[in-house]
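K.L.:
how would this look folded up:
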Amino acid sequence: MRQLPLASLLCASLLMAAPLYSYEALATEHSEPSQTAPKAEQPQDQAVTTEHRIKVNGDTLKYTATTGNMIIKDDKNRPSASVFYVAYTMESKKDEPRPVTFVFNGGPGSSSLWLHMGSFGPVRVQTTNAAPTPPAPYKLLDNQYTLLDSTDLVFIDAFDTGLTRGIATPDDKEKGGKEENPAKKFWGVDEDADGFARFITRYVTVNNRWNSPKYLLGESYGTVRAPVLANHLQQSGMAFNGVILVSSILNYGAKAPGLDRDYVGLLPTFAAVAYFHDKLPNKPAALEPFLLQVRAFAEGEFAQALAAGHNLPAAELNKVVEQLHQYTGLSTEYLKHANMRVGQAQFRKELLRDEERTMGRYDGRFTGMDKDAIGETPDTDPSDTAPSAAFIATFNDYLSNQLNYHPDDTYKVFSFDAFHSWDWQHDLGRGHKSRSPYVVDDLGNAIRTNPSLQVFSANGYFDMATPFHSTEYDLAHMELDPSLVGNVHFGYYPSGHMIYLNPEALKSLHKDLEDFYKNTLHK
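P.N.:
Numbers count the residues shown, from 1 in each chain. Here you go, the predicted structure:
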């Protein structure tokens, strides 16, 4: 899901063994055993295939699930990682290959279980909308909003997450005296994208999918990975039909000290959250027209007032603060004390302070309780803690009992080592590197070099982690030729970072993506 989930306490040893078992008469081993013992033991691909069916809108979908690990190699043809994936495929009903979509979450350091169990796979976990989900037993549903009717799906776990593990090479062992996690060589913006590119290239080759329409779907930090990956693979000869960005962050540099873009980008989301909680002094009748007004104010008077800094005249300050009060529900006194610069954590604590409640960072609809009501920022993120146990428990149960995969290792939901050791530098080309990832140019270049490439940006109105207006700003700055501006499409939903936690939002998102696949396949 996400950038830094709280409920990622599942740790794992670095053992990488996945024994294979039969699943009634349906499971088959993907790799055949060697008839003679190799001279030197090499890591091997391992996978289990199982056959399934679900009913979607009265129709029965028959599909194959392939669960396992695929070995990728470095430039010297040495095994460098064992990448865990779950692929859902169906037979084509036409005389043409089915599309295939590669799906991943973010972090950096997050496994893919959030999208896997909540969004577009064939099953999804039932959670409580905008409130904590009670403890087990949990319910696994046939997913009426799966994208399997439009595309095959390959869910991929990032390096040192899930069951994906690095494999030590002689180069790793030469880097200093102490033994390091062999996945560390992938812990960086460009290193991570290169590893994903190697996996996708190998998957496409092994499964004969070179002529299939191809898509990337990333959430959160996955929207950093997707543009870099698309640009990288297209330069290597693999073109994509579409890139789907769910809850995007495309420019970490916007948060640098001394810049005000973060506050401008957050304001429309603050307004949406205040609207949801009935905290606006004069609540308008409808959300969408109201947010058009807030966007205009954010980019106009508010941005200009912030740019003036402490030189802003008192009369102008009072005028802007009063309008901020109308749009956020925060008091004029609080806004003045904050110099009009309210961060998301401060807003989450302040808006409902009189009720002694906080709000979620990932989804402002969720409320929580702190130890006291006097602090500046919340103790936890209730939108993270509310659904996490259901996702984690259900996935582990599903892996064993339906996908019939029984690893000796523990599924690692989140790698804190990866997050804390991440190399945030990004190669901008021509020998230039940014110290924080800025991938707007990567996506723009991918579109310019492949004018058929279409992009869909999905945004939750109540997402304070990756605000929708910041995404609008970034995607408007790819410097596209006028003939290519229409390649970028937007969807907005009454939900947060994990759009699919609201069933109605998931239904709308599914419809929008079905249309996106149909349109991009005919471009």
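K.L.:
which sections of the stretch 401-523 of the chain are below the confidence cut-off?
P.N.:
522-523 (pLDDT under 70).
K.L.:
what about the helices in the stretch 51-200 of the chain?
P.N.:
For the stretch 51-200 of the chain, applying DSSP state H, counting those that start in this stretch gives helices covering 113-118, 170-173, 189-206.
K.L.:
Let me know the average pLDDT across the first one.
P.N.:
Mean per-residue pLDDT for helix 113-118: 98.
K.L.:
Between the helices of the stretch 51-200 of the chain, which one is closest to residue 220.
P.N.:
Closest to residue 220 of those, according to Cβ to Cβ: helix 113-118, at 8.8 Å. Where C-beta positions appear, they are placed from N, C-alpha and C, glycine not excepted.
K.L.:
I'd like to know which elements that closest one is packed against.
P.N.:
The contact analysis (3 or more Cβ pairs under 8 Å, 6 or more residues apart in numbering; DSSP states H and E) places helix 113-118 against strand 100-104, strand 123-125, strand 214-220, helix 382-401.
K.L.:
Would you mind finding the most buried of the ones you listed?
P.N.:
Highest mean neighbour count among the helices and strands packed on helix 113-118 (mean count of other Cβ atoms under 10 Å): strand 214-220, with a mean of 28.
K.L.:
Give the partner strands of it in its sheet and their orientations.
P.N.:
If you go by DSSP bridges, strand 214-220 pairs up with strand 100-104 (parallel), strand 242-248 (parallel).
K.L.:
Not counting the shortest one itself, show me its contacts.
P.N.:
This points to strand 100-104. With contact meaning Cβ atoms under 8 Å, 6 or more residues apart in numbering, strand 100-104 is reached by 89, 112, 115-116, 120, 147, 151-158, 196, 200, 203-204, 209, 212-219, 222, 225, 244.
K.L.:
check contacts around residue 442.
P.N.:
Applying Cβ under 8 Å, 6+ apart, we find residue 442 in contact with 227, 228, 230, 231.
K.L.:
A helix includes it, no?
P.N.:
Yes - using DSSP: H, G, I helix; E, B strand; the rest coil, the assignment for residue 442 is a helix.
K.L.:
Distance of it relative to residue 159?
P.N.:
Between residue 442 and residue 159 the computed distance is 20 Å (Cβ to Cβ, to the nearest Å).
K.L.:
Then residue 509?
P.N.:
For residue 509, the distance to residue 159 - Cβ to Cβ - is 28 Å.
K.L.:
can you check residue 298 too?
P.N.:
When distance is defined by Cβ to Cβ, residue 298 is 37 Å away from residue 159.
K.L.:
ditto for residue 80
P.N.:
Distance from residue 80 to residue 159, counting by Cβ to Cβ: 10 Å.
K.L.:
swap in residue 232?
P.N.:
Using Cβ to Cβ, we find residue 232 at a distance of 16 Å from residue 159.
K.L.:
ok, these two, which is more surrounded?
P.N.:
A count of neighbours by other Cβ atoms under 10 Å puts residue 159 above the other of residue 232 and residue 159, at 29 against 19.
K.L.:
how about the more buried one, what does it touch?
P.N.:
By Cβ under 8 Å, 6+ apart, the contact set of residue 159 is 81, 83, 165, 166, 183, 186, 187, 192, 195, 415, 418.
K.L.:
so what's the first one up against?
P.N.:
By Cβ under 8 Å, 6+ apart, the residues touching residue 81 are 71, 72, 159, 164, 165, 166, 167, 182, 183, 186, 195.
K.L.:
With mean pLDDT and distance to residue 505 added, can I get the strands paired with strand 214-220 in JSON lines?
P.N.:
As requested, the strands paired with strand 214-220 are arranged in JSON lines below (pLDDT from 0 to 100; distance: least, Cβ to Cβ, whole Å):
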{"stretch": "strand 100-104", "mean pLDDT": "98", "distance to residue 505": "18"}
{"stretch": "strand 242-248", "mean pLDDT": "98", "distance to residue 505": "11"}
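K.L.:
so which of those comes closest to residue 273?
P.N.:
Closest among these, using Cβ to Cβ: strand 242-248, at 15.1 Å.
K.L.:
Packing partners of the next helix or strand after that closest one?
P.N.:
Counting by DSSP states H and E, the next helix or strand C-terminal to strand 242-248 is helix 261-276. Helix 261-276 is packed against helix 287-297, helix 303-308, helix 314-328, helix 344-350, helix 468-475, with contacts defined by 3+ Cβ pairs under 8 Å, 6+ apart.
K.L.:
counting contacts, what elements does the second one pack onto?
P.N.:
Secondary structure elements in contact with helix 303-308, counted by 3+ Cβ pairs under 8 Å, 6+ apart, are helix 261-276, helix 314-328.
K.L.:
One more: the third one?
P.N.:
Helix 314-328 is packed against helix 261-276, helix 287-297, helix 303-308, helix 332-337, with contacts defined by 3+ Cβ pairs under 8 Å, 6+ apart.
K.L.:
Mean neighbour count, these: which tops it?
P.N.:
When those are compared using mean count of other Cβ under 10 Å, helix 261-276 is most buried, at a mean of 23.
K.L.:
Report the angle between that helix and helix 287-297.
P.N.:
With axes from the mean of the first three to the mean of the last three Cα atoms, to 10 degrees defining the directions, helix 261-276 sits at 150 degrees from helix 287-297.
K.L.:
residues making contact with helix 261-276?
P.N.:
Identification of contacts with helix 261-276 by Cβ under 8 Å, 6+ apart yields 254-255, 280, 283-284, 287, 290-291, 294-295, 297-299, 302-303, 306, 324, 327-329, 340-344, 347, 351, 359, 364-365, 461-464, 467-470, 473.
K.L.:
Quick check: closest non-adjacent residue to residue 316.
P.N.:
In space, and not counting its chain neighbours, residue 316 is closest to residue 305: 6.5 Å by Cβ to Cβ, 6 or more residues apart in numbering.
K.L.:
Skip the chain neighbours and tell me the closest residue to the residue nearest to the spatial centre of the chain.
P.N.:
Note on the chain: the residue nearest the mean C-alpha position is residue 219, at 1.6 Å, using Cα atoms, centre = their mean. If the residues on either side of it in the chain are set aside, residue 219 comes closest to residue 246, at 4.1 Å by Cβ to Cβ, 6+ apart.
K.L.:
Could you pull up the residues touching that neighbour?
P.N.:
Each residue near residue 246 by Cβ under 8 Å, 6+ apart is listed here: 115, 119, 217, 218, 219, 220, 222, 223, 458, 499.
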